[in-house]
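# Here's my sequence, what's the structure:
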Amino acid sequence: MSEAFHTELVNFQGLSADSSADRRAELARHVAVLFSLTSDKCSDEQVDIYDSVLLRLVDMVEVEVRRFVAERLSELRRGPERTIRQLAGDQIDVAESLLRKSTVLRDCDLVDIAGSNGNGHRLAIAEREVLSEEVTDVLVRRGDIRVKRRVAANQGAVFSTDGMAGLLDAATDDPALQTALSERNDLAETEIERLVTIATGAVRERLLSSGENKEAERLPQAARIAVQRMSNEYWLSRYDFETARGRVMALVREGRLNETSLRWFAADDRFAEAVVAFACLTKVGLHEASHWMVRLDVEPFLIVAKAHGFSSLTVSTLLKVGPWRHRLSVQARAQAVAMYEGMRQDEAIQKLSHWDDMISH
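Here you go, the predicted model:
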């Protein structure tokens, strides 16, 4: 059946014999549009077939067509991963929409692209709705001053201590970067103090003033971002759980789903697969597992994990995947691991049993 689908979708033998660039371009556009309209209804096998076909087609067409394909794929929550990664590493005219918007790209993809491509790619990545410390570290370290300004102005970006130190270093001689940093609401006291020492008079005055008017102007945007980032649904909507379930169930059928494979999904930044694997291994519902593994209160997740005997290494790895990569600070993760190591398995089993009793009644 898959071969028939493949044959009907694209006849590559005939296409290779056709010297018409227009024909190849038309076909690439057609396949991209077809997938964008049907992606939510495709089986995992069909998504893989589209991926293989598009991967070959984008190698056969010009920049304008590759840009069209990239733009069609950039809005999709579910997409052909290999094709998207290839187009995201293409020249910036092609890659920009994917780098700015695609949720199919994982942090490890963004880190690799930001490290191996130019500032055009880094500028596009800096505009993403959310950016983890791992990604901003590369943007700050490798990016030019334009990249630093843009990522500093991104209220959805999270910075490590080293990343923020790099921005402050660069801001010494750049008033525009100083201004962007002064408008952030997540600077530590020590970072504010340093910014005051290097800032121009106008920026220093803004930092030292009461700032009531500025805060009033920023409140609607800050409130919107805060509410958005506090919503479990916002984070969960970014992931393709349907495809993830297919991948995990394939491991279940082969008898290869275990704690090691769960930890591998987490280490590879495959949040959706990690959630499905966790749900299967603990025999809890996918809905419950997904909400436990996104919320700021991690105790329910820790109790379920302890009741099923997961190692501290597995728990620590899971606490750094997906939304928790953005939502939990290093300190919060360390506290969660310490809480986990202090739990007794028999007490966790008792609590989990109590929850099951409450649900059943």
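
# just checking, Val252 touches Ala279?
No - using C-beta atoms under 8 Å, Val252 is not in contact with Ala279; the gap is 11.2 Å. Every C-beta, even on glycine, is put in place using the N, C-alpha and C of the backbone.

# Which residue of these two possesses the greater neighbour count?
The residue with more neighbours, out of Val252 and Ala279, is Ala279; 22 against 15, by other C-beta atoms under 10 Å.

# Verify the stated contact: that one with Met293.
No - applying C-beta under 8 Å, one finds Ala279 not in contact with Met293, separated by 9.2 Å.

# Excluding chain neighbours, what is closest to the spatially most central residue of the chain?
If you average the C-alpha coordinates of the chain and look for the closest C-alpha using C-alpha atoms, centre = their mean, you land on Arg106, 4.9 Å from that point. Distances taken as C-beta to C-beta, 6 or more residues apart in numbering place Asp269 nearest to Arg106, at 4.5 Å, with adjacent residues excluded.

# which SS state does that neighbour fall under?
Going by DSSP: H, G, I helix; E, B strand; the rest coil, the secondary structure assigned to Asp269 is coil.

# quick one: pLDDT of Ile198?
Residue-level confidence at Ile198 comes out at 84, pLDDT.

# That one: how many residues sit nearby?
Applying the criterion other C-beta under 10 Å, we find 16 residues in the vicinity of Ile198.

# Look at Leu76 and give its secondary structure.
Three states are possible here, and by three-state DSSP the one that applies to Leu76 is coil.

# hang on, Asn185 in a strand?
No - assignment of Asn185 by three-state DSSP gives coil, placing it outside any strand.

# so what's it scoring on pLDDT?
At Asn185, the predicted lDDT confidence score is 82.

# residues near it, how many?
10.

# could you measure it against Arg149, distance?
Relative to Arg149, Asn185 is positioned 17 Å away (C-beta to C-beta, to the nearest Å).

# Over to Glu75?
Summarising the geometry, the distance separating Glu75 from Arg149, computed by C-beta to C-beta, is 27 Å.

# So for these two, which sits in the more crowded spot?
When neighbours are counted by other C-beta under 10 Å, Glu75 and Arg149 differ, and Arg149 comes out ahead with 23 against 13.

# residues contacting that one?
Residues near Arg149 by C-beta atoms under 8 Å, 6 or more residues apart in numbering: Asp174, Ala176, Leu177, Ala180.

# And the residues you listed, which is closest to Gly309?
The closest of those to Gly309 turns out to be Ala180 (C-beta to C-beta; 47.3 Å).

# which stretch of helix or strand covers that closest one?
Taking DSSP states H and E as the criterion, the element that holds Ala180 is helix 175-182.

# export that helix as PDB, just CAs?
The C-alpha coordinates for helix 175-182 follow below in PDB (Å, rounded to 0.1, in the frame of the first residue of the first chain):
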ATOM      1  CA  PRO A 175      23.300  52.100  23.500                       C
ATOM      2  CA  ALA A 176      20.700  50.200  21.500                       C
ATOM      3  CA  LEU A 177      21.500  46.900  23.300                       C
ATOM      4  CA  GLN A 178      21.500  48.700  26.600                       C
ATOM      5  CA  THR A 179      18.000  50.000  25.900                       C
ATOM      6  CA  ALA A 180      16.800  46.500  24.900                       C
ATOM      7  CA  LEU A 181      18.300  45.000  28.100                       C
ATOM      8  CA  SER A 182      16.800  47.800  30.300                       C
END
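
# tell me what it is packed against?
Judged by 3 or more C-beta pairs under 8 Å, 6 or more residues apart in numbering; DSSP states H and E, the packing partners of helix 175-182 are helix 145-152, helix 161-171, helix 189-198, helix 201-208.
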